[in-house]
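Chemist: sequence first, predicted model second:
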Amino acid sequence: MSPRARADRPFDLLVVGAGATGLGAARAARPGSRRVGMVETARTGGDCTHYGCVPSKTLLDVAHRVSRARDGRRFGVGEVGPVDFPAVMAHVRSVVAEVEHDESPEQLASEGIDLLHGWARFTGVQADGLLALDVSGTPVTARRVVLAVGAHAALPPVPGLAEADPLTNRTVFGLVEQPRHLLVMGGGPIGVELAQAFRGLGSDVTLVEGAARLLGREEPEASAVVTAVLRRQGVDVRTSTSVTSVATTADGPVLTLSDGTSVTGSHLLVAAGRRPATSGLGLDAVGVETDRAGRVVTDAYLRTTAAGVLAAGDCTSPLQLTHVGDAQGRLAAANAFARSVRLPGVLGGLVPWDDRVVPWVTFTDPEVGRVGLTEAEAHERWGRRARVAVVTMAETDRSRTSSDTDGYVKLVVAPGRLGGPAVLDRVVGLTAVCPHGGELAGTGALAVRTGMLAARLAQTVAPYPTYSLALRVAAARLFGSYGGQTWRPARPDEDADGD
Ligand SMILES: Cc1cc2nc3c(=O)[nH]c(=O)nc-3n(C[C@H](O)[C@H](O)[C@H](O)COP(=O)(O)OP(=O)(O)OC[C@H]3O[C@@H](n4cnc5c(N)ncnc54)[C@H](O)[C@@H]3O)c2cc1C
Ligand SMILES: NC(=O)c1ccc[n+]([C@@H]2O[C@H](COP(=O)([O-])OP(=O)(O)OC[C@H]3O[C@@H](n4cnc5c(N)ncnc54)[C@H](O)[C@@H]3O)[C@@H](O)[C@H]2O)c1
């Protein structure tokens, strides 16, 4: 059926963007009983599938295998041959194709979701209250719209940067030749993950971060571990150093740095943050406001400033993660049809978005898994009544058997709402810097989400020898001495060790 024929009746819900967020929204909108449409200008799956999580985690997995195999020399394992870069990239593409299959237009059609291919733009609100849009020349109307249009790599206003036509997450996974020397601008999750991936595959890598430490959102100790590991692997990490200008020469891109030095590489990757993709959508035609960062402004229920229009995922959330997009997309779809009573979830009422218990993971080796509050954030809220217990990887048997002694697990607990003795303290945060630290963040999310008593975690038998045992030992330290170590009161960041 042509887009025009499918668009002749109003949609109950039209989702703009078929990334993780849009897919979450459309699937949750009960397409069997409502007319649900989704507009996508490119391929279904969005950044996560094509230019983000899936290709980066696949590339990292190969790089980690190579690095670990090379590291095996110290245990008597023989030499590892060179990496066949084109074959690695072909593998990355094949995994992307596999994931894309689950989100294909055919699959969506089988789920009752009507996919329109084209660029969606609001044109106004009709007299009957329907939202009017143009989808690449086809007029479409909808009772409700969820904006799930995502974000793009931001190019900071650094002289010469745009002219250098740097790699971004959009283009880096399309490389067919291995970079000899990759310069990475930005030491957030993208920069750090890709620096380690390319170094593992054999490229020289220089990572330049303007702030005092890598992964600025994490605990300072987590940044310190990741920085030390990257340096040991041969990444030239420069912190407290900004890129001030870029020149394009016959030898490749040359970065001038804030410390007065310069560095030349064969390729430049920009990983300096993301900008919401909110232009060209005709937002003014219906009154959807954006903030100074370009994010769609929403209330707690993900409703925008325009009646009937909601927004979710990277285009509105400061937490730009696939699982946040999916959860927000599902919530936006539910709230789009909810009754306007402010009793969350009761009698079909609106439910607010709650980002207090969102876990995330940086997929370096070791992984940095995180949920809830950092030690410093807990200190800010409860002072020294917040407590922490730490277990270093060097003291766990699982790490010893795998020779993975970098990292630690830190549990943060605080008094419950009614206060009371320490035995009633609840888990409010976890950082796990270790192999599979992301899996521990999943367990931590359950503990924080349910307001679990730390004592319960201490009482829970954990399998030996696993990394998860470190969680139980950390919990035990909150109530006494374990292995000669115990808890301490939470302290602000400036008192912690960092890089
Ligand atoms: C390199 C990298 C690695 C990442 N790794 C992780 C990770 O490991 N874990 C994690 O949780 N997150 C990760 N992320 C973040 C994650 O990819 C994003 O949070 C997620 O993809 C956001 O989904 P979204 O649907 O909101 O946006 P997008 O995926 O950007 O989807 C938006 C879609 O809307 C379409 N669109 C935009 N405007 C229009 C229009 N007007 N009409 C029609 N269609 C339109 C676009 O074509 C696009 O397909 C990573 C990101 C990057 C860049
Ligand atoms: N594993 C994951 O979950 C994962 C992986 C990748 C990306 N992501 C998502 O994507 C988002 C964007 O990631 P990102 O790493 O691009 O952004 P980011 O904002 O987290 O980090 C960008 C970094 O670039 C630095 N920077 C900016 N301008 C600079 C300059 N001129 N010179 C040197 N450094 C400069 C900033 O100080 C900052 O630390 C993340 O916040 C995350 O939500 C998640």
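Modeler: That came in fine, so what should we check first? Ligands and ions are numbered 1, 2, ... in the order given.

Chemist: any idea how far the one residue sitting closest to the centre of the chain lies from ligand 1?
Modeler: Centroid-nearest residue in the chain, with CA atoms, centre = their mean: L321, separated by 3.5 Å. Remark: distance between L321 and ligand 1 (CB to the nearest ligand atom, to the nearest Å) = 4 Å. Using the backbone N, CA and C atoms, a C-beta is placed for each residue, glycine as well.

Chemist: likewise for E100?
Modeler: 12 Å.

Chemist: is it correct that that residue is in contact with H50?
Modeler: Yes: E100 is in contact with H50 according to CB atoms under 8 Å; the separation is 7.4 Å.

Chemist: count the neighbours of the residue in the chain positioned nearest to ligand 2 for me.
Modeler: With CB to the nearest ligand atom as the measure, G188 is the residue of the chain nearest to ligand 2, at 2.2 Å. Burial of G188 is recorded as 18 neighbouring residues (other CB atoms under 10 Å).

Chemist: quick one: which of E100 and H50 has more around it?
Modeler: Set E100 next to H50 and count neighbours by other CB under 10 Å: H50 wins out with 22 against 16.

Chemist: now do the same contact list for the more buried one.
Modeler: R43, V96, E100, F173 (CB atoms under 8 Å, 6 or more residues apart in numbering).

Chemist: okay if I get those residues as a markdown table plus secondary structure and pLDDT?
Modeler: Output for the contacts of H50, formatted as a markdown table (DSSP: H, G, I helix; E, B strand; the rest coil; pLDDT from 0 to 100):
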| residue | secondary structure | pLDDT |
| --- | --- | --- |
| R43 | coil | 96 |
| V96 | helix | 98 |
| E100 | helix | 96 |
| F173 | helix | 98 |
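
Chemist: and which of those residues is nearest ligand 1?
Modeler: Each of the contacts of H50 was checked against ligand 1 using CB to the nearest ligand atom; the closest is R43, at 7.0 Å.

Chemist: that closest one: how many residues sit nearby?
Modeler: 16.

Chemist: hang on, the residue of the chain closest to ligand 2 packs against A271?
Modeler: Yes: assessed by CB under 8 Å, G188 is found in contact with A271 at 6.3 Å.

Chemist: interface residues of the stretch 1-150 of the chain facing ligand 1?
Modeler: Within reach of ligand 1 by CB under 6 Å from any ligand atom, the stretch 1-150 of the chain has these residues: 16-22, 39-42, 46-48, 52-53, 56-57, 119-120, 148-150.

Chemist: okay, and the helix or strand of this protein with the least pLDDT?
Modeler: Here the helix or strand of the chain ranked lowest by mean pLDDT, DSSP states H and E is helix 3-6, holding a mean of 52.

Chemist: pLDDT of the next helix-or-strand element following that helix, averaged?
Modeler: Going down the chain from helix 3-6, the next helix or strand is strand 11-16, by DSSP states H and E. Strand 11-16 shows an average pLDDT of 98 in the prediction.

Chemist: biggest helix in the chain, by residue count?
Modeler: The longest helix of the chain (DSSP state H) is helix 53-71.

Chemist: CA-only coordinates of that one in CSV, if you can.
Modeler: Taking C-alpha atoms only, helix 53-71 is exported to CSV below (Å, rounded to 0.1, in the frame of the first residue of the first chain):
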residue,chain,number,x,y,z
CYS,A,53,25.7,0.2,20.8
VAL,A,54,25.7,-2.8,18.4
PRO,A,55,28.7,-2.0,16.2
SER,A,56,30.7,-0.5,19.1
LYS,A,57,30.1,-3.5,21.4
THR,A,58,30.9,-5.9,18.6
LEU,A,59,34.1,-4.1,17.8
LEU,A,60,35.0,-4.0,21.5
ASP,A,61,34.4,-7.6,21.9
VAL,A,62,36.8,-8.5,19.1
ALA,A,63,39.4,-6.0,20.5
HIS,A,64,39.1,-7.4,24.0
ARG,A,65,39.7,-11.0,22.6
VAL,A,66,42.8,-9.8,20.8
SER,A,67,44.1,-7.9,23.8
ARG,A,68,43.5,-10.8,26.2
ALA,A,69,45.2,-13.2,23.7
ARG,A,70,48.2,-10.9,23.5
ASP,A,71,48.3,-10.6,27.3
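
Chemist: the residues of the stretch 1-150 of the chain next to ligand 1 in strands, which ones?
Modeler: Residues of these located in strands (DSSP state E): V16, V39, E40, A120.

Chemist: tell me, how many neighbours does the first one end up with?
Modeler: The one in question is V16. Neighbours of V16 under the rule other CB under 10 Å: 29.

Chemist: surely it and V145 touch.
Modeler: Yes: between V16 and V145 a contact is recorded at 6.5 Å, counting by CB under 8 Å.
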